[in-house]
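J.: Give me the fold of what follows.
(one chain, ligands or ions: 1)
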Amino acid sequence: MEPSDIEPGAPSGGAPTAVDVLVVGAGITGIYQLYRALGAGFSAALVEAGDGVGGTWYWNRYPGARFDSESYTYGYLFSEELFDEWEWQEHFAQQPETERYLNHVVDRFDLRRHMRFGATVAAATFDESTACWTVTLGDGREVRARFLVAATGVLSVPFFPAVTGRDDFRGEQHHTGRWPATPVDVAGKRVAVIGTGSSGVQIIPALAETAASLTVYQRTANWCTPLNNRPITAAEQAQLRAECASIREVLNTSVAGFRHEPHDRATFEDSDAERLAFFETMWRSPGFAKLSSNYTDLLFDPAANAEWCAFIAAKVRSIVTDPDTAEQLLPRDHRFGEKRPPFVTGYYETFNDPTVDLVDLGRTPILRITEAGIETADGVRELDVIVWATGFDFGTGALARMGIRGRDGVALVDHWADGPKTFLGVQTSGFPNLFFPGGPHAAAGNNPRYNGDQVDFVTDALVFARDHGFDTIEVEPEAEERWTAMVDRGAAAAPFGERSYFFGSNIPGKPRKYLLNSGGRPKLFREIARVIDTDYEAFRLSRSSAGAGSTA
Ligand SMILES: Cc1cc2nc3c(=O)[nH]c(=O)nc-3n(C[C@H](O)[C@H](O)[C@H](O)COP(=O)(O)OP(=O)(O)OC[C@H]3O[C@@H](n4cnc5c(N)ncnc54)[C@H](O)[C@@H]3O)c2cc1C
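T.: Next up, the predicted model:
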């Protein structure tokens, strides 16, 4: 059966289908995977739980949602024409622009007819006799696929803390990661935001503009620094076009997938005055430059890190007029970079607005949500709107909810009971022909760059299997152990603790395992090169009893 049997853009309906490659997820990773699979000559289709294209940029449509990566470093690099024709408006685009961009890509490369929306994968079972995956959608319909590529994202399952009475609230409530398409009008309303992570610090200034009152419930403060966003000028647009090839070269090879120049000095090589001047430059630098271009020992020497934190703390104290509020906004439990650092626009200034209040949940935890609002030891605060900016079940959340069963009916959640085990962050043993680019153990940094590396690798692996007449490709357990041990070793050697959601520590009961790739992108590159040089030695390739090439 051909992928065109899938109704273009239709909700899950139509006949059961069979394809070579079924991609799950219409985010930036899944779109690219679909493009690459079709380009390699596979029949391919994509299913997506949401009703549209975009993944993160479809679901997170809350006011203030925008990139922390430079727009043109985040977009695709595979087509120079695409790079040329899309003019990002701002250095750090807002959510609507990114959603428009991804829709543009889908239509420009004629991918929409291969996509089915409103289609949640509820179960996926590997059939050993045919070496195919049977994928069951939420409405019970099935799709059979030789290869299943779960591009289901690491930040796609919103998390709500276990607070009593959430359903009792009579007002409006939304999670930032499931923000409705119809605008939420907070004008003149009493609003609460719970959470001050990357999403919370974006939405707080945006809501404060019109809300009658805004109460911010903070569990832990974060080291926020300015995003320093601005429009891209016409001259910059022209320069970006002119430099497309060199930009691509840098982004395709840099450690974290950014264009920021690494610094060449350590913190204490500079005098106090030089360091202060350098920190001022960092404070004014764009987004992640504060991590990528900062002193070389920032993440490795606690004393160096403390210098930068002291600089940020002085800035916060100089911006926030109420000293008690300023102190509450300063982290006490982690260093800069230990958690994903949020980047902000007008965040600290918001707390000078007399209609904005900060509630420190360390001092007064939430006791329950009531019909009227939020109750802490200080009493009930009556509200019209509650915003849950409480993050995601990072890394494994979506894969754990897909009902995946591999060889001998083993469930992925059982195979990963003690944390994810992967090779290259793309495959796990006992689950042949299942790949998950953009999943746990990928790399860290500018997401589309290393997810794209993984998609390219997956596509090459599928082509290798097909061209050599194999039906299954499955990582050897030793390779998986080696990679997973490398990730765990690197995480243990890091000078930081396990306080970040990168260790799953925001989810009660989740194993504390590092969910990124502590070896980073360079390690990913080296290992991919080794796999290719050794003709996929790390993988077991075989033919099914049903015969090569059959997906039916
Ligand atoms: C608010 C926010 C801002 C961010 N900003 C940046 C940034 O500036 N730079 C950066 O590098 N990264 C950023 N990220 C990380 C971001 O998630 C990645 O950049 C990128 O969007 C991941 O793309 P993806 O395609 O891998 O996953 P996603 O975009 O998460 O897409 C996965 C898709 O899979 C679908 N899906 C999941 N499970 C199923 C299922 N069972 N059945 C069907 N469909 C399913 C989901 O509905 C979703 O649409 C941000 C994340 C958030 C939440």
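
J.: Check the chain for its longest helix and report it.
T.: helix 447-467 (DSSP state H).

J.: So it, near the ligand or not?
T.: Yes - using Cβ under 6 Å from any ligand atom, helix 447-467 comes into contact with the ligand via 447, 451. Any C-beta I mention is one placed from the backbone N, CA and C, and that applies to glycine too.

J.: Pull that helix out as PDB, backbone CA atoms only.
T.: Presented in PDB, the C-alpha positions along helix 447-467 are these (Å, rounded to 0.1, in the frame of the first residue of the first chain):
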ATOM      1  CA  ASN A 447      18.100  20.900  19.300                       C
ATOM      2  CA  PRO A 448      17.500  20.700  15.500                       C
ATOM      3  CA  ARG A 449      21.100  20.400  14.800                       C
ATOM      4  CA  TYR A 450      21.800  17.200  16.700                       C
ATOM      5  CA  ASN A 451      18.400  15.800  16.100                       C
ATOM      6  CA  GLY A 452      19.100  16.400  12.400                       C
ATOM      7  CA  ASP A 453      22.400  14.500  12.700                       C
ATOM      8  CA  GLN A 454      20.400  11.600  14.100                       C
ATOM      9  CA  VAL A 455      17.800  11.700  11.400                       C
ATOM     10  CA  ASP A 456      20.600  11.600   8.800                       C
ATOM     11  CA  PHE A 457      22.100   8.700  10.500                       C
ATOM     12  CA  VAL A 458      18.800   6.800  10.800                       C
ATOM     13  CA  THR A 459      18.100   7.400   7.100                       C
ATOM     14  CA  ASP A 460      21.500   6.100   6.200                       C
ATOM     15  CA  ALA A 461      20.900   3.000   8.400                       C
ATOM     16  CA  LEU A 462      17.600   2.300   6.700                       C
ATOM     17  CA  VAL A 463      19.100   2.700   3.300                       C
ATOM     18  CA  PHE A 464      22.000   0.400   4.200                       C
ATOM     19  CA  ALA A 465      19.600  -2.300   5.500                       C
ATOM     20  CA  ARG A 466      17.400  -2.000   2.400                       C
ATOM     21  CA  ASP A 467      20.200  -2.000  -0.100                       C
END
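
J.: And that helix, what's buried?
T.: For helix 447-467, a neighbour-count test (16 or more other Cβ atoms under 10 Å) marks 447-462, 464-466 as buried.

J.: How about stretch 505-515?
T.: Counting neighbours by 16+ other Cβ under 10 Å, stretch 505-515 gives 506, 507, 510, 513, 514, 515 as buried.

J.: what's the model's confidence in that stretch, averaged?
T.: Averaged across stretch 505-515, the pLDDT comes to 90.

J.: Angles on the backbone of residue 311, please.
T.: phi -60, psi -50 (degrees, to the nearest 10).

J.: Can you get me a residue count around it?
T.: Other residues near residue 311 come to 18 when the count uses other Cβ atoms under 10 Å.

J.: what does residue 161 give?
T.: 16.

J.: So it: helix, strand or coil?
T.: The three-state assignment at residue 161 reads coil, by DSSP: H, G, I helix; E, B strand; the rest coil.

J.: Isn't it up against residue 389?
T.: No - Residue 161 lies out of contact with residue 389 (Cβ atoms under 8 Å); the separation is 11.2 Å.

J.: what residues are shared contacts of these two?
T.: Counting by Cβ atoms under 8 Å, 6 or more residues apart in numbering, the residues touching both residue 161 and residue 389 are residue 194.

J.: For the chain, list the residues in contact with the ligand, please.
T.: 24-30, 47-50, 55-56, 58, 60, 65, 67-69, 74, 120-121, 151-153, 155-156, 199, 398, 402, 438, 446-447, 451.

J.: distance of the residue in the stretch 451-552 of the chain that the ligand sits nearest to from residue 27?
T.: Ranking the residues of the stretch 451-552 of the chain by distance to the ligand (Cβ to the nearest ligand atom) places residue 451 first, at 5.3 Å. Distance of residue 451 to residue 27, given as Cβ to Cβ, to the nearest Å: 9 Å.

J.: With residue 193 instead?
T.: Distance from residue 193 to residue 27, by Cβ to Cβ: 25 Å.

J.: which one is residue 23 nearest to, not counting chain neighbours?
T.: residue 46 (4.2 Å; Cβ to Cβ, 6 or more residues apart in numbering).
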